[in-house]
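Trainee: sequence and predicted structure, then a few things I'm wondering about:
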Amino acid sequence: MKQYRKLLAGIFAGGVLISGIGAGIGCVEFFSLDYAGERTVGETEMTVMEGEMSFTPPSDGGTVDVYMDYGQPYLNLVWDDSVPENTLHYSIEYNKKRVAPEAWQEDAETLGFYFPYINYDEVRDVMEFRDIILDDLKEHKIGSYRQKDIESIDLYLNPKDREEIEIW
């Protein structure tokens, strides 16, 4: 029985040693990577969509709701005196190869933006990401990889409408 204990202890110690060596090599490789910067994956053809929508503030003191779909991180709200009251001017810079933004207005108190994907192929996208990441790793680099859908959403409103607008 003592022979088996020694054998098992030796196998365990060898496993710990080999695991430690593997972890050390992995850490050395990881910390030797350089940053490649931000990398854009996929086709990009940026264009701008502009327009305006008028709204009517609720008479009960409520707010006009503006729904942004997933565009909120790209939102830039501009309070501009030259914009007429109760009017929303918008300018959306987007990749027309990936999304087709739509402005919609349900009623005078509810408006928003929708950004449906077009030509969306998950397999193609994953393969493009894989190829770029592997090429970077061969050069001992790693980057920030993203696909450009929306670059910016600028909403121009009159400062007098500040209390009547709520962005969702």
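Mentor: Looks like it arrived, so ask away. Numbering: from 1, shown residues only.

Trainee: would you map the helices across this structure?
Mentor: 2-31, 122-138 (DSSP state H).

Trainee: so can I have JSON lines of these showing distance to residue 100 and mean neighbour count?
Mentor: All C-beta spots, glycine's among them, are computed from the backbone N, C-alpha and C. Formatted as JSON lines, the helices of the chain follow (distance: least, Cβ to Cβ, whole Å; neighbours: other Cβ atoms under 10 Å):
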{"stretch": "helix 2-31", "distance to residue 100": "40", "mean neighbour count": "10"}
{"stretch": "helix 122-138", "distance to residue 100": "17", "mean neighbour count": "12"}
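
Trainee: export these to a markdown table and append columns for distance to residue 157.
Mentor: Formatted as a markdown table, these follow (distance: least, Cβ to Cβ, whole Å):
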| stretch | distance to residue 157 |
| --- | --- |
| helix 2-31 | 47 |
| helix 122-138 | 35 |
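
Trainee: and of those, who's closest to residue 75?
Mentor: For these, the distance to residue 75 is smallest for helix 122-138, at 24.7 Å, taking Cβ to Cβ.

Trainee: now do the closest one against helix 2-31, angle only.
Mentor: 90 degrees (axes from the mean of the first three to the mean of the last three Cα atoms, to 10 degrees).

Trainee: what's helix 122-138 packed up against?
Mentor: Contacts defined by 3 or more Cβ pairs under 8 Å, 6 or more residues apart in numbering; DSSP states H and E place helix 122-138 against strand 34-40, strand 141-146.

Trainee: which neighbouring elements make contact with the shortest one?
Mentor: Right, the one you point to is strand 141-146. With 3+ Cβ pairs under 8 Å, 6+ apart as the test, strand 141-146 has strand 34-40, helix 122-138 packed against it.

Trainee: save these as JSON lines, and put in mean pLDDT and distance to residue 166 too.
Mentor: Listed next are the helices and strands packed on strand 141-146 as JSON lines, based on pLDDT from 0 to 100; distance: least, Cβ to Cβ, whole Å:
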{"stretch": "strand 34-40", "mean pLDDT": "88", "distance to residue 166": "32"}
{"stretch": "helix 122-138", "mean pLDDT": "90", "distance to residue 166": "34"}
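
Trainee: mind putting those into TSV with distance to residue 94?
Mentor: Compiled in TSV, those are given as follows (distance: least, Cβ to Cβ, whole Å):
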stretch	distance to residue 94
strand 34-40	14
helix 122-138	17
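
Trainee: for the nearest residue to residue 49 once chain neighbours are set aside, what are its contacts?
Mentor: Closest residue in space to residue 49, ignoring its immediate chain neighbours: residue 92 at 4.7 Å, by Cβ to Cβ, 6 or more residues apart in numbering. Contacts for residue 92 (Cβ atoms under 8 Å, 6 or more residues apart in numbering) come out as 48-50, 71, 101, 113, 150, 152-154.
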